[in-house]
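Peer 1: Please work out how this folds:
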Amino acid sequence: MEAIKNNVIGTFNVATLALYHNVRKFVMISTDKAVNPTNCMGASKRCCEMIVQYLSNQPGAKTEFVTTRFGNVLGSNGSVIPKFKRQIENGQPVTVTHPDIIRYFMTIPEAVSLVMEAAAIAHGGEIFVLDMGQPVRIVQLAENLIRMYGKVPYRDVKIEFTGLRPGEKIKEELLMNEEGLQKTKNKLIFIGKQIDIDAGAFITQLRRLRDAALENNEQIAIEALHMMVPTFVTPEEFNRKYIPVTEHAPETEIRNAVDRHSGIERRSGIDRRTGNAAYAGNERRSGDDRRASGRPGRTERRSGTDRRAPQPADERAREAKQLQKV
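Peer 2: I've put the predicted structure just below:
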């Protein structure tokens, strides 16, 4: 309910005040979660886009309304990076919801500069889609961050897969099927084709949504969101296109996804299922074969030492004193 009150009602109030006071330009920051949303937050942000579109079409409006839509911003509030850093620094496992989950990312300076430029070139009514580059697999982001701390993923720091959260999508999108892209002078900024809305029906549905939110009537509010945002679907319906449906989801889905990545860990010398170094790779090449209980590896044979049976510290100290006497 707070997503509706803050995003939908809040945006409508601020935008109508901007219109009333003839503010020159109004920029609404949207999100890729507004595209084919699977939760109330994403659906509410899609409603915000529609509010801005509705107000930009008001006759005699002097305010230029514009929407910018992009994905996650690294280092911002709610970003996954600070969470991963806390877990690594506290010696905890790094938690990722699913091995195949991917997201778009950009840095704070990139986001700010592109939003400012989009606002500068806007004439009112546009929805600007920022080029986010290639999507990033979150598990690879976690692995790289662990390595930046000088640790080995799955061995020094475990990565645990917790399962998709309620309303979470396996991947995000920047465009709906009905939208197309138009180029601008900046190769990183595109204009999306707005989907036409029925102004009369929209404002009626918006009032219904507002009343339900103010009365904390969750059922009517969800129904109103689905009426206003036809692309609002359940996460199961969306993720079914990308995750095989199994009888024991999500545990089986996660296990299958991990198995698909197992070849990468074997090649890198890490067994994700155990968190240990893969014996066939790094250890055998270094001569440290932990499977052999009776014979030292090649490195140990050459040096004449057996690292698997280190001497206690007090015994080494006694030997050092005896050598000093000699």
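
Peer 1: which intervals of the stretch 151-300 of the chain have sub-threshold pLDDT?
Peer 2: Scanning the stretch 151-300 of the chain for pLDDT under 70 picks out the ranges 175-179, 244-300.

Peer 1: mind listing what's buried in stretch 151-169?
Peer 2: 152, 153, 154, 155, 157, 159, 161, 164, 167, 168, 169 (16 or more other C-beta atoms under 10 Å). Any C-beta I mention is one placed from the backbone N, CA and C, and that applies to glycine too.

Peer 1: Tabulate those in CSV, adding columns for distance to residue 93.
Peer 2: Formatted as CSV, those follow (distance: C-beta to C-beta, whole Å):
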residue, distance to residue 93
152, 14
153, 11
154, 10
155, 12
157, 7
159, 7
161, 10
164, 18
167, 24
168, 19
169, 23
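
Peer 1: Of the residues you listed, which belong to strands?
Peer 2: Of these, the ones assigned to strands by DSSP state E are 159, 161.

Peer 1: ok, so of the buried residues of stretch 151-169, who is nearest residue 33?
Peer 2: Set against residue 33, the nearest of those by C-beta to C-beta is residue 169 (7.8 Å).

Peer 1: surely that closest one meets residue 238?
Peer 2: Yes. Residue 169 is within contact range of residue 238, at 5.7 Å (criterion: C-beta atoms under 8 Å).

Peer 1: intersection of neighbour lists for these two?
Peer 2: Taking C-beta atoms under 8 Å, 6 or more residues apart in numbering as the criterion, residue 169 and residue 238 both touch residue 38.

Peer 1: which residue is nearest the middle of this structure?
Peer 2: The residue lying closest to the centre of the chain (C-alpha atoms, centre = their mean) is residue 103, at 4.3 Å.

Peer 1: Look at it and report its pLDDT.
Peer 2: pLDDT for residue 103: 92.

Peer 1: if I look at it, how far off is residue 74?
Peer 2: 10 Å (C-beta to C-beta, to the nearest Å).

Peer 1: repeat for residue 33
Peer 2: Distance from residue 33 to residue 74, by C-beta to C-beta: 16 Å.

Peer 1: do the same with residue 23
Peer 2: Counting by C-beta to C-beta - residue 23 and residue 74 are separated by 31 Å.

Peer 1: now residue 133
Peer 2: 12 Å.

Peer 1: So if I had to pick from these two, which one is more boxed in?
Peer 2: residue 74 (16 against 12; other C-beta atoms under 10 Å).

Peer 1: Now do the SS call for the nearest residue to residue 145 once chain neighbours are set aside.
Peer 2: Among residues not flanking residue 145 along the chain, residue 84 sits closest, at 5.2 Å (C-beta to C-beta, 6 or more residues apart in numbering). At residue 84 the chain is in helix, as set by DSSP: H, G, I helix; E, B strand; the rest coil.

Peer 1: Report how many residues lie close to residue 84.
Peer 2: Residue 84: 22 surrounding residues under other C-beta under 10 Å.

Peer 1: now swap in the one 3 residues further on and tell me
Peer 2: By the criterion of other C-beta under 10 Å, residue 87 has 20 neighbours.

Peer 1: List the buried residues of the helix or strand encompassing it.
Peer 2: Residue 87 is located in helix 80-89, with elements delineated by DSSP states H and E. Of the residues in helix 80-89, 80, 84, 87, 88 count as buried by neighbour count, 16+ other C-beta under 10 Å.

Peer 1: Out of these, which comes closest to residue 144?
Peer 2: residue 84 (9.9 Å).

Peer 1: which residues in the protein form helices?
Peer 2: For the chain, the helices defined by DSSP state H cover 2-3, 10-20, 40-56, 80-89, 108-121, 138-148, 199-214, 218-228, 235-239, 251-268, 284-286, 298-303, 313-325.

Peer 1: what's the first one packed up against?
Peer 2: For helix 2-3, the elements it packs on are helix 40-56, judged by 3 or more C-beta pairs under 8 Å, 6 or more residues apart in numbering; DSSP states H and E.
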